[in-house]
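Chemist: Here is a sequence with its predicted model. Questions after.
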Amino acid sequence: MTALLEIENLRTQFFTSAGTVRAVDGISYSVEAGEVVALVGESGCGKSVSALSILRLIPNPPGRIVGGSIRFKGTDLLQLSDAEIRAVRGRRIAMVFQEPMTSLNPVLTIGLQLTETLTHHLGMKTDAARARAIELLNLVGISDPDQRLGQYPHHFSGGMRQRVMIAMALCCEPELIIADEPTTALDVTIQAQILELMKGLTKQLGVALIIITHNLGVVARYADRVNVMYAGKIIERGNAQQIYHETSHPYTLGLLRSVPRLDQPRKAKLDPIEGQPPDLARLDDGCAFRPRCRYAVERCATEIPPLEGVRDGHVSACWQRDSLGQSARDVS
Amino acid sequence: MSTESAAPEAGHGATASIAKGETLVEVIGLKKYFPVTEGIVIQRKVAEVKAVDGVSFHIRKGETLGLVGESGCGKTTTGRCILQLDRPTEGAIIFEGVNLVELDHRALSPYRQKIQVIFQDPYSSLNPRMKIGDIIGEPIKVHGIVPDAGKRRRRVSELLSLCGLDPRFADRYPHEMSGGQRQRVGIARALSLNPQFIICDEAVSALDVSIQAQVINLLEDLRDEFNLTYLFIAHDLSVVRHLCHRVAVMYLGKIVELADCDELYDNPLHPYTQALLAAVPVPDPEVESKREYRVVKGEVPSPMNPPSGCVFHPRCPLAVDRCSSALPELREIRPGHWVACTEV
């Protein structure tokens, strides 16, 4: 069986006055039908750009997808015409953005924004689209949907708007939803509601989900498979268990160590990753994490470590992957 | 770096020296209502937003008090009232024995040096047209602490290196720096006046986890080195637990629970605190798969029209009839553990 989505060697670059920024630098991963895949990393690591590249939403200029392929059910999305990719966006692959405050149009009613997709993609008549919109708002837990349809986004709270965004993503019954930091702007109790809703709905409807986040707790709870990104590359991939308990890349290890945890006794001191993430316009030949890495050896300065296996589908881009993985397993 | 000259010196304005462990700041019955008006030319007040509605707590010298809650619960307004950036509608702010609310602009000036603030957004809290050196040096100049320009430059270099930045950054502009570096500049600026008390308003929320840990460690080191007192306003419960000695949980303008840090996290009593703690996912798939997960229903009501009785009762799993009529007082259930709930 082929995967639902297969990304191979995707490279997206931005051509700026400061030089070429290699925002996504040769990433490959796949998503199976119905699976929840997480992309984790810090700001500027290319996780959002890689997601926007899937739907070809990179503003050109300055950005351009310079190489690779994105096969969705066998079709390379990068080879489609503009009209063809428009038929995919929102219809077969939907997106939920981070900012519920800015991603809805403030001067259009919720009803219009919800039904637009339905009339455009599915050619529904106004009445049918309205009925479907009410059904969707019910599904995402908005009470009084009939009245709500006539209201504007400013009548809704942040959590409600994100529910509307999810309803919009679901309306054409897509096979894949890309959620870019869907809960970052929300409070924890609302975050929990939204994530449970998304998890429940994707399971119920059999939709695959790519969830982009920097929150390691969210990943631990919801993701089947995890891709950790740093400086435009995937540096470690595995299932949640492998990433959290058999960590085989120093960056992942650093991330996990630098967050204070509620389920463990208080530590006297946090253990941060020293230094700053690199400038993606000025990367050298070696491993991009080398300047901040405690385990760096000479080889790291000259050769970029390939993303290779530790064991059982768990891969890491580090020359020390085996010893790191072994010591992590010993500890846990 | 020379710690001696960077250490806070007493002696600006009225001095009452407060020993470690004694009360430095006391907030009594603080209320801040913002008017909601209608009409463009003739404005009529049609409603009030009760941002902070009767909040009382104290902070001891050398202590860090955490103030947690979700957006709109009034935690930032509480901070701004202590700073006298917003004048409270009612209540008193006692700092070193003086009620700041009664002071006029001029009389407040010495206290403005002693109480400083670090803001959340490292992008909008630094003037993009000023060099870093001027941003940090300006408060020292305005308050006339170091009138001599050369000495002031030295002081700025000292502050920069104290906050883990290269002193040469003084000649740069904010846009040349990353978020974490800018937040260090914000910290250096707050320290420039040798304050006693710093309000950290979501000071690490905008930073990436690896950088966040660096800044948290810096705040801790500075606290220990200069015997600083913090009010740490945040929504991230795990960060608050790491940094604070005592924690107050706010909901819709009121404190619902206040206790020592370990007591609050090990033994949360108020149903809202329990819901907050339960909603935080733990970065460990094994723990997560075993954990009981209760999602609290509904959303935070509007502070313009808060529910009668206990403000949490519409979302509360423990709510009984009387919760919708009687306002629960904050009561001490165990020594130092205060809860505003009648059902625990």
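Modeler: Arrived safely, thanks for sending. All figures in this text were calculated on a predicted structure; none of them were measured in a lab. Numbering: from 1, shown residues only, chains lettered A, B, ... in the order given.
Chemist: When you work out contacts or count neighbours from here on, use the C-alpha atoms and nothing else.
Modeler: Fine.
Chemist: lowest-confidence helix or strand of chain B?
Modeler: helix B:3-6 (a mean of 43; mean pLDDT, DSSP states H and E).
Chemist: Now do the buried residues in stretch B:219-232.
Modeler: Neighbour-count burial for stretch B:219-232, counted by 16 or more other CA atoms under 10 Å in any protein chain shown, picks out B:219-223, B:226-232.
Chemist: Need the CA coordinates for it. CSV is fine.
Modeler: C-alpha atoms of stretch B:219-232 as CSV (Å, rounded to 0.1, in the frame of the first residue of the first chain):
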residue,chain,number,x,y,z
LEU,B,219,16.2,35.3,36.0
GLU,B,220,16.9,32.8,38.8
ASP,B,221,20.6,33.8,39.0
LEU,B,222,19.8,37.5,39.1
ARG,B,223,17.3,36.9,41.9
ASP,B,224,19.8,35.1,44.0
GLU,B,225,22.6,37.5,43.3
PHE,B,226,20.7,40.7,44.0
ASN,B,227,18.1,39.5,46.4
LEU,B,228,15.3,40.5,44.0
THR,B,229,11.7,40.0,44.6
TYR,B,230,9.6,38.9,41.6
LEU,B,231,5.9,38.9,40.7
PHE,B,232,6.0,36.3,38.0
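Chemist: Please work out the average pLDDT along stretch A:301-315.
Modeler: Stretch A:301-315 carries an average pLDDT of 88.
Chemist: scratch that, stretch B:246-259 is what I was asking about
Modeler: 94.
Chemist: contacts for that stretch?
Modeler: B:50-56, B:63-70, B:72-75, B:240, B:260-261, B:264, B:269-270, B:272-273, B:300-301, B:303, B:306, B:311-312, B:330, B:336-341 (CA atoms under 8 Å, 6 or more residues apart in numbering or on different chains).
Chemist: so how many other residues sit close to the residue of the stretch 201-332 of chain A found nearest chain B?
Modeler: With CA to the nearest CA, the shortest gap between the stretch 201-332 of chain A and chain B falls at A:G217, namely 3.8 Å. By the criterion of other CA atoms under 10 Å in any protein chain shown, A:G217 has 19 neighbours.
Chemist: Which element, helix or strand, includes it?
Modeler: A:G217 belongs to helix A:216-222 when assigned by DSSP states H and E.
Chemist: I'd assumed A:R64 was in a strand, is it?
Modeler: Yes. Under DSSP: H, G, I helix; E, B strand; the rest coil, A:R64 falls within a strand.
Chemist: Wait, the residue of the stretch 201-332 of chain A closest to chain B touches B:E286, no?
Modeler: No. Applying CA atoms under 8 Å as the test, A:G217 and B:E286 come out as separate, 11.4 Å apart.
Chemist: any common contacting residues for those two?
Modeler: In contact with both A:G217 and B:E286: no residue, using CA under 8 Å, 6+ apart.
Chemist: now, which of the buried residues of stretch B:219-232 lie close to chain A?
Modeler: For chain A, no contacts are drawn from these by CA under 8 Å from any CA of the partner chain.
Chemist: those helices in chain B, which residues are they?
Modeler: Secondary structure of chain B (DSSP state H): helices at B:3-6, B:75-82, B:105-114, B:132-142, B:149-162, B:179-191, B:209-226, B:237-243, B:261-266, B:271-279, B:285-290.
Chemist: most packed of these?
Modeler: Of all these, helix B:179-191 has the most neighbours on average by mean count of other CA atoms under 10 Å in any protein chain shown, namely a mean of 25.
Chemist: quick check, distance from that one to the centre of its chain.
Modeler: Distance, stretch centre to chain centre, for helix B:179-191: 16 Å (CA atoms, centre = their mean, to the nearest Å).
Chemist: again with stretch B:46-54
Modeler: 20 Å.
Chemist: Residues in contact with that stretch: which ones?
Modeler: B:28-38, B:72-75, B:77-78, B:91, B:252-254, B:303-305.
Chemist: cool, stretch A:226-234 as well?
Modeler: Stretch A:226-234 is contacted from outside by A:22-28, A:37-42, A:44-47, A:219, A:235-240, A:243, A:251-252, A:277-278, A:280, A:288-289, A:307, A:317, using CA under 8 Å, 6+ apart.
Chemist: do the same with stretch A:181-193
Modeler: By CA under 8 Å, 6+ apart, stretch A:181-193 touches A:96-100, A:158-159, A:162, A:194-195, A:211-214, B:70-71, B:235, B:275-276, B:279-280, B:295-297, B:299.
Chemist: One more: stretch B:200-218?
Modeler: With CA under 8 Å, 6+ apart, stretch B:200-218 has contacts from A:42-43, A:214, A:254-255, A:258-259, A:269-274, A:276, B:76, B:79, B:117-122, B:163, B:179-180, B:183-184, B:230-236, B:243.
Chemist: what ranges do the helices span in the stretch 151-300 of chain A?
Modeler: A:158-170, A:188-205, A:216-222, A:240-245, A:250-258 (DSSP state H, counting those that start in this stretch).
Chemist: Out of those helices, which gets nearest to A:R89?
Modeler: helix A:158-170 (9.9 Å; CA to CA).
Chemist: centre of the chain versus the closest one, how much separation?
Modeler: Worked out by CA atoms, centre = their mean, helix A:158-170 lies 17 Å from the chain centre.
Chemist: pLDDT below threshold where in the chain?
Modeler: You didn't say which chain, so I picked chain A. A:1, A:332 (pLDDT under 70).
Chemist: my bad, chain B
Modeler: B:1-17.
Chemist: Repeat the analysis, applying 80 as the threshold.
Modeler: Within chain B, the stretches with pLDDT under 80 are B:1-18, B:20-21, B:291-295, B:299.
Chemist: ok and the residue in it nearest chain A?
Modeler: Closest point on chain B to chain A, by CA to the nearest CA, is B:P283, at 3.8 Å.
Chemist: contact partners of the helix holding A:G217?
Modeler: Contacts for helix A:216-222 (CA under 8 Å, 6+ apart): A:36, A:38, A:40, A:199, A:213, A:226, A:240, A:244, A:256, B:280-285, B:288-289.
Chemist: Only whichever of these are buried, select them in PyMOL.
Modeler: Under the burial definition 16+ other CA under 10 Å, those of those that qualify are selected in PyMOL by:
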select buried, (chain A and resi 36+38+40+213+226+240+244+256) or (chain B and resi 280+281+282+283+284+285+288)
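Chemist: Buried only: go through the contacts of stretch B:246-259 for me.
Modeler: Buried members of the contacts of stretch B:246-259, scored by 16+ other CA under 10 Å, are B:50-56, B:63-70, B:72-75, B:240, B:260-261, B:264, B:269-270, B:272-273, B:300-301, B:303, B:306, B:311-312, B:330, B:337-341.
Chemist: Just the residues you listed: which are in strands?
Modeler: B:50-56, B:64-68, B:260, B:337-339 (DSSP state E).
Chemist: pretty sure B:F119 is touching B:L126, no?
Modeler: No. Counting by CA under 8 Å, B:F119 does not reach B:L126; the two are 9.7 Å apart.
Chemist: list the residues that contact both of these two?
Modeler: What both B:F119 and B:L126 touch, as defined by CA under 8 Å, 6+ apart, is the set B:G186.
Chemist: Let me see the contact set for the residue nearest to B:P195 when sequence neighbours are not counted.
Modeler: If the residues on either side of it in the chain are set aside, B:P195 comes closest to B:K114, at 4.1 Å by CA to CA, 6 or more residues apart in numbering or on different chains. For B:K114, the contact set (CA under 8 Å, 6+ apart) comprises B:193-197.
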